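Asks: Give the three-dimensional model of this entry:
(one chain, ligands or ions: 3)
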Amino acid sequence: MGETKYLKDIKSPDDLKKLPMEVLPELAKEVRELIIETVSRTGGHLAPSLGTVELTIALHYVFNLPKDKIIWDVGHQSYTHKILTGRADRFHTLRTHGGLSGFARMSESPYDAFTVGHSSTSISAGAGIATGKCLNKDCSKVISVIGDGSMTAGLAYEGLNHTGDLKKDLIVVLNDNEMSISPNVGALSNFLSRKLTAKTFMDWRTEFKGILSSTPNIYKFFKKMEESFKAFVTPGMLFEAFEFQYIGPINGHRLDHLIKTLENVKNAGTPILFHTTTVKGKGYEPAEKNPTYFHGVGSFEVATGNCCKISGAKAPSYTNVFGDAIVEFARENDRIVAVTAAMPEGTGLTNFHDEFPTRFFDVGIAEQHGVTFAAGLAAEGFHPVVAIYSTFLQRAFDQVLHDVCLENLPVCFAMDRGGLVGEDGPTHHGAFDLSFLRCIPNLTIMAPKDEDELRNMLYTAVNHNGPTAIRYPRGQAVGVPLSEKPSLLPVGKAEVLHEGEDMIILAVGRMVCEALDAREKLAEKGVSAGVINCRFIKPLDMETIAGAVKKTPRVITAEDNALMGGFGSAVLEAIQEAGVTGVRVSRVGLPDQFVEHGAPGILRAKYGVDSQGIIKTAEKLLNDFPLKSNG
Ligand SMILES: Cc1ncc(C[n+]2csc(CCOP(=O)(O)OP(=O)(O)O)c2C)c(N)n1
Ligand SMILES: CC(=O)[C@@H](O)[C@H](O)COP(=O)(O)O
Ligand SMILES: [Mg+2]
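Replies: Ligands and ions are numbered 1, 2, ... in the order given. Sure, this is the predicted structure:
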């Protein structure tokens, strides 16, 4: 990107405030160019960030950061915010290992008021910060910026409800682009789009005022009427029921209107709902035309918007294998229904939606509702498949436990993005599902070693009379052929792939391939390592595992999950309960910390959740427990 006229001198919002308002559209152009150019290389959330360029400039222009706080809901739209707060020179490191996060993070900058990534937290966080400021007798301002999609989560209403009662000085900016990742869903979305344009309404108001000013009593009557009229024809009435003063809708790309209106409301001192309408992907035609694709995009050619092909992408993604399998099974079994929480594309359900529209449910960003909704469907004799990212299922833990598993209802959780996901980082790694699900009674937990086993697991799950969870990684599968027909797996039975004299590697999910690779490399060093695909994390195949560990005293467990409470913990518990002694167990998995963002390969190598990590563990085990001590 060439030398900029304005952006080059902006190192903080104070520098921005020095610019005359009339040059801000030019600045917006420069910011857009930087975002498009950078994201075309690094990948990222292009459309959300392009849609909030003017809104961000206006907020930075009117408020006094970092004393005033802006909380960005999800934080995927915060690229302009980062660029204007002294990170423009590092913006090219976006989402790279050691570089800028793709979301707002408190640890990255004092200008990032709250760490985000999971949606709909900004109002609650804003209310907490505003209340804290009040207690500290600090009169600086708090602004929560939340999208219309994120407004479909119950948490947002918990925040509105409490804030309206607290009457704290909080401005909630609703960034309404009528899009979630896909077109937004739900009654609220229809309600929000039932808005009178601000201009039309203001024209009517001026006209009425002129006619009635000569008759004060009638004017007072119509003044009352105006409030109820406005409440009826604009979404105001919903928010005013929460005791928020509704302002809007304001064109979110008109810097003059935004700045003027924000100046007017900034000192209201009470809860404000500032409704702006924006275009997702604004300023980049391919993104405006296809905001769903450009919501979260890999590297692409700026000139055409075409994605840069990944060289040698031979295997299908686990997501697509799941998407094809659920359609295949649903054709034969009309009890199968599918639920997604605003992520039909990401979870691979678009074909299911097209073929079975009456059996497909997009509940919006409402994971808790989605799980209990599925439980309701199961109570009526259906077999719901809840397709959901591992990290987002965290939000519905109680619903899984209390509403599904307690009564042993036949709901299948198809958990995509299990394990490290890469560039999205700590808020998105599916690092904990084996740990937080394993403690729930009645739940069967599976992890496939490849795409063929994923299909067999889904087949087993939809024919299992109880709750199941299948977790599989983001991205490409292994590249094995799919069997002609799916098979029912023996629930709770592991699969012995290789025997071993010197040690046994017990692996789950994508770590099975890593274990097979490690076994080959260890064999070159004269070490005989067995490999067992422990594909059921619960119920664990105690018989096979106990039998294997009795034969060799060196055991490695391998999982792409937190070690705390994960698969390795389950094996330790099993060995102890089986009364097996004289066994040395080393566990390969994620440490007790949040794993940063970065390319998956870099992270897996750093944290040893790959074949090299298994080999290193094996070598240490042999060193501590030398071969001569066999038997
Ligand atoms: C709890 C949770 N569920 C799902 C997601 C995935 N997700 C990220 S952004 C998004 C859509 C957000 O829509 P909106 O708030 O309208 O923002 P926009 O992208 O339109 O700017 C979704 C579903 C998430 N981040 N958090
Ligand atoms: C911001 C958000 O939460 C989603 O857009 C998420 O980043 C999608 O992740 P995938 O790219 O793995 O589908
Ligand atoms: Mg939106």
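
Asks: Against Ala130, how distant is Leu497?
Replies: Using Cβ to Cβ, to the nearest Å, one gets 57 Å for the distance from Leu497 to Ala130. Just so you know, the C-beta spots here come from the backbone N, C-alpha and C atoms, and that holds for glycine as well.

Asks: actually Pro426, not the one I wrote
Replies: Pro426 is 26 Å from Ala130, where distance means Cβ to Cβ.

Asks: Among these two, which residue is more densely surrounded?
Replies: Higher neighbour count among Pro426 and Ala130: Ala130, with 24 against 18, using other Cβ atoms under 10 Å.

Asks: So for the more buried one, what's the pLDDT?
Replies: On the pLDDT scale, Ala130 is placed at 98.

Asks: got it, and Glu3?
Replies: Looking at Glu3, its pLDDT is 83.

Asks: again, but for Val400
Replies: Note on Val400: pLDDT of 99.

Asks: Check whether it really touches Ala374, as I assumed.
Replies: No: Val400 lies out of contact with Ala374 (Cβ atoms under 8 Å); the separation is 9.7 Å.

Asks: which of these two has more neighbours?
Replies: Ala374 (32 against 27).

Asks: contacting residues around the more buried one?
Replies: By Cβ atoms under 8 Å, 6 or more residues apart in numbering, Ala374 lies in contact with 337, 339, 384, 386, 404, 411.

Asks: Can you lay out those residues as CSV showing distance to ligand 2, neighbour count and pLDDT?
Replies: CSV is the format used below for the contacts of Ala374 (distance: Cβ to the nearest ligand atom, whole Å; neighbours: other Cβ atoms under 10 Å; pLDDT from 0 to 100):
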residue, distance to ligand 2, neighbour count, pLDDT
Val337, 23, 21, 99
Val339, 17, 26, 99
Pro384, 22, 28, 99
Val386, 17, 30, 99
Val404, 24, 29, 99
Val411, 22, 28, 99
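
Asks: which two in those residues are spaced the farthest apart?
Replies: Greatest spatial distance in the contacts of Ala374: Val337 and Val404, 14.1 Å, computed using Cβ to Cβ.

Asks: near ligand 1, which residues of the protein?
Replies: By the rule Cβ under 6 Å from any ligand atom, the part of the chain lying against ligand 1 is 48, 51, 74, 76-77, 118-119, 147-150, 175, 177, 179-181, 280, 295, 341-343, 365, 367, 392, 395.

Asks: what does the stretch 351-500 of the chain have sitting close to ligand 2?
Replies: Contact residues (Cβ under 6 Å from any ligand atom) of the stretch 351-500 of the chain with ligand 2: 417, 421, 424, 428, 474.

Asks: What separation do you get for the third one and Glu380?
Replies: Between Asp424 and Glu380 the computed distance is 36 Å (Cβ to Cβ).

Asks: okay, these two: which has more neighbours?
Replies: More neighbours surround Asp424 than the other of Asp424 and Glu380, with 23 against 9 (other Cβ under 10 Å).

Asks: Assumed Leu434 was part of a helix.
Replies: Yes: assessed by DSSP: H, G, I helix; E, B strand; the rest coil, Leu434 belongs to a helix.

Asks: give me every residue that touches the residue of the stretch 151-300 of the chain at minimum distance from ligand 2.
Replies: Residue of the stretch 151-300 of the chain nearest ligand 2, by Cβ to the nearest ligand atom: Gly296 (3.9 Å). When contacts are counted by Cβ under 8 Å, 6+ apart, Gly296 touches 43-45, 76, 181.

Asks: Where does pLDDT dip in the stretch 201-350 of the chain?
Replies: Low-confidence segments of the stretch 201-350 of the chain, defined by pLDDT under 70, span residues 201-214, 219, 222-234, 310, 312-313.
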